[in-house]
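Asks: My questions concern the predicted model and sequence given below.
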Amino acid sequence: MAVSRLLNDLNDPQHQAVTSLSQHLLVLAGAGSGKTRVLAHRIAWLIETTQISPWSIIAVTFTNKTAREMRGRIETLLHLDTQSMWIGTFHSLSHRLLRRHWQEAGLSQQFQILDNEDQLGFLKRICKQLQLDENLWPVRQFQNFINNSKDAGLQPQDIDVQGSDQLANQVQVYQAYQTACERGALVDFGELLLRSHKLWLQRPDILQHYQNRFQHLLVDEFQDTNTIQYAWLRTLAGSSCSVTVVGDDDQSIYSWRGARIENIQQFSQDFKHGEIIRLEQNYRSTETILKAANGLIKHNNGRLGKSLWTEDQSGEPISIYAGFNEQDEARFIVEQIHRWESAGNLRSEAAILYRSNAQSRVLEEALIRSSKPYRIYGGQRFYDRLEIRNALAYMRLVNNRYDDAAIERIINIPTRGIGVRTLDVIRQNARTEGSSLWQAAQGIIISSALPARAHNALHGFLNLIEQMATATAQMQLDELTDYIIRVSGLIKHHSKEKGEKAQTRIENLNELVSAAKTFASTWSPAQLNRQLDEEADERPETALAAMLDQAALDSGEQQADESEDSVQLMTLHSAKGLEFPLVFMAGLEEGLFPHQLSLVADGRLEEERRLCYVGITRAMQKLIITYAEARRLHGQDTMNRPSRFISELPQELIEEVRLKSSVRRPLSYRPAVSNPTDRRSQRTNLMETPVLALGQSVRHAMFGEGTVIDAEGSGPRARVQVQFDSQGSKWLVLSHAKLELI
DNA sequence: AAGATAGTCGTTTTT
DNA sequence: CGACTATCTT
């Protein structure tokens, strides 16, 4: 029967984890130990052997992407439609809950999700109203405070402000923000969790319902759960549910947003009768890479203890390259990728990982210069683009007139004569009436409180939105989108931008239309409720509302052109869970990685080290670490020491790729071309000591004349790269190629 | 009210 | 360095 298929190819601990009958299970799974596989197989096994309904399983993943993968795996394993299963992130599951119980949760049915950027804009406005000096009270600080509070499960009234003016002030802003959110029917990320948890606590009947339903609760990336998430799952689990959590304390890299590794220990205490299984065999990396990872992470204290091993061969040493500056670093990386390709490998097998997004620019430029396609993960996501956010704001208003964040964004985009002056009047009225901006604006029109010109402009705007709503009511989602971007004037507005911007903006807007089409084709109003779940909502959600939710919640990891073979660029954080044959870790400098800010707060350095551990363990075959001796950052030149993490690696695993000092500097930094004596000595010693200068003209018997553009290694392995006048550029081993200086 | 220009500011990671 | 604001001009 199919059960054996689920258990084939599993090693002993994996097998145990998949088939464990303990009520609770904690799987400590090292990097590359087949964690996701175990989770998927366990779910499949539970369904297959214990005859429980897929319906009674709830699985929580860290990202939407992982959730999709999980569904895919289960569908492959069992040929089963996973639509009825609750698989998703804490946020998306909470959201689903709130959509269903909006009334009991005290929400408007039209509630919309407020993402980070809108949240910040919102807070800016609130701070202005409260007349807080922005230099004294940076808005971002309030944003962090609010989000951290929510992650910790704290609402304004839960915070004791005794004796701290600062705290009192922050709570005041928090409170004002909450009020504003309620008025606009807006729910931020933290609120999704907070509210759904509160719903359960306040409505035991609803909680009971879900506790009856879910017999198995599984959690991936458990080390990254925060306080409210842990409380959430503990509440849901109740006493009879079976709970499986999978995690790796060494890969906890999100404490800055409230993740608590301690939850792992907490789990053992709270969920008695639990079994603990360790997955330590790694199927991903060479022995060298694993030794490096183990060697590094040893420097952390208070680990649960876990040591990866492999049956794989030792593999290539870890290369370390010291770039002269960040340009040189990038150039080196691109060159290595070129070599990798020349050896018959795919570009897409190579990944460049870095600590912060700002580093990607130089790398991109180098890749563009050598016309290598690349793909950036994270970074600016589709739904984050200005023009897309504008379009979505219109759509949000059509969906929910009270969405203050949306009004603020587009009330005067394209410019339609509603300036700050008018806007201030609206805000003022909204504040005194305690109403939304939309209502306030309507009131102003009715009472004709504005000068004629502004009055007409505002009236026109209100009519425009209402007219859009009416006109699109019966439209398909993609028609609606197309209608809105045209009638709003966004297309015209963005096409007026100068440079190439206009073109891409329009392309993106059109892309949004096709995204809407795709979304509509995979979405049906019944999907969430009717057939698959026991309760049907009276009124199904509209496709528009569903798309807006998705845009906020899953800001588009589904990148378009995966077809082209391209180099992968991403931050170390977004690399978690992925693997690549060839991995570069760039910018390993003190101050950059570990990051400056991590050196002050305690505990942060260890997290940086774990981040480095995550980076190392992404590599399957070859790991190349680079740093720059000088780096231009924020327009300032800085000299950084190599990262301490480099010296924490077992030195015997490392091979330093240092260029000879005479050739390692870029041409512009070199003194003028060598004098005749030098040249003579170079010619005589060419075979033994490769002291070729970059920029040196040479002749090759077969390829003709060219210029030395790069060099590396020494002795018999010394090689130079020559840009030939007619044959392109080639790497030549000096001891073989008979190069003549000219 | 809109657009242009100058001047200031902060610089991590993201569901 | 570049994003964002405040201020100036039209």
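Replies: Now that the structure is in, tell me what you want to look at.

Asks: How about the secondary structure of residue A:244?
Replies: Of the three states, residue A:244 takes strand according to DSSP: H, G, I helix; E, B strand; the rest coil.

Asks: That one bridge partners, please.
Replies: Here residue A:244 sits in beta bridges with residue A:25, residue A:218, going by DSSP bridges.

Asks: okay, it: pLDDT?
Replies: Looking at residue A:244, its pLDDT is 96.

Asks: any idea how far DNA strand B is from residue A:165?
Replies: Distance, residue A:165 to DNA strand B, by C-beta to the nearest atom of the strand, to the nearest Å: 20 Å. From N, CA and C alone the C-beta is placed, and that goes for glycine too.

Asks: Count the residues that sit near that residue.
Replies: Close neighbours of residue A:165, defined as other C-beta atoms under 10 Å, add up to 8.

Asks: Next, it: phi, psi?
Replies: Backbone torsions for residue A:165, taken as degrees, to the nearest 10, come to phi -60, psi -40.

Asks: Pull the contacting residues for it.
Replies: Neighbour list for residue A:165: empty [criterion: C-beta atoms under 8 Å, 6 or more residues apart in numbering].

Asks: Kindly report the same for the one 10 residues further on.
Replies: Contacts were defined as C-beta under 8 Å, 6+ apart; by that measure residue A:175 touches residue A:156.

Asks: Alpha carbons of the host helix or strand of it, as PDB, please.
Replies: In this assignment (DSSP states H and E), residue A:175 forms part of helix A:165-184. The C-alpha atoms that make up helix A:165-184 are tabulated as PDB, following Å, rounded to 0.1, in the frame of the first residue of the first chain:
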ATOM      1  CA  ASP A 165       7.100  59.700  30.200                       C
ATOM      2  CA  GLN A 166       8.500  58.100  27.100                       C
ATOM      3  CA  LEU A 167       6.400  55.000  27.600                       C
ATOM      4  CA  ALA A 168       3.400  57.000  28.300                       C
ATOM      5  CA  ASN A 169       3.900  58.900  25.100                       C
ATOM      6  CA  GLN A 170       4.400  55.800  23.100                       C
ATOM      7  CA  VAL A 171       1.300  54.200  24.500                       C
ATOM      8  CA  GLN A 172      -0.600  57.400  23.800                       C
ATOM      9  CA  VAL A 173       0.400  57.100  20.100                       C
ATOM     10  CA  TYR A 174      -0.400  53.400  20.100                       C
ATOM     11  CA  GLN A 175      -3.900  54.200  21.400                       C
ATOM     12  CA  ALA A 176      -4.500  56.900  18.900                       C
ATOM     13  CA  TYR A 177      -3.300  54.600  16.100                       C
ATOM     14  CA  GLN A 178      -5.700  51.900  17.200                       C
ATOM     15  CA  THR A 179      -8.600  54.300  17.200                       C
ATOM     16  CA  ALA A 180      -7.600  55.400  13.700                       C
ATOM     17  CA  CYS A 181      -7.400  51.800  12.500                       C
ATOM     18  CA  GLU A 182     -10.800  51.000  13.900                       C
ATOM     19  CA  ARG A 183     -12.300  54.000  12.100                       C
ATOM     20  CA  GLY A 184     -10.700  53.000   8.800                       C
END
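
Asks: buried sites along it?
Replies: By neighbour count with 16 or more other C-beta atoms under 10 Å, helix A:165-184 contains the buried residues A:169-178, A:180-181, A:183-184.
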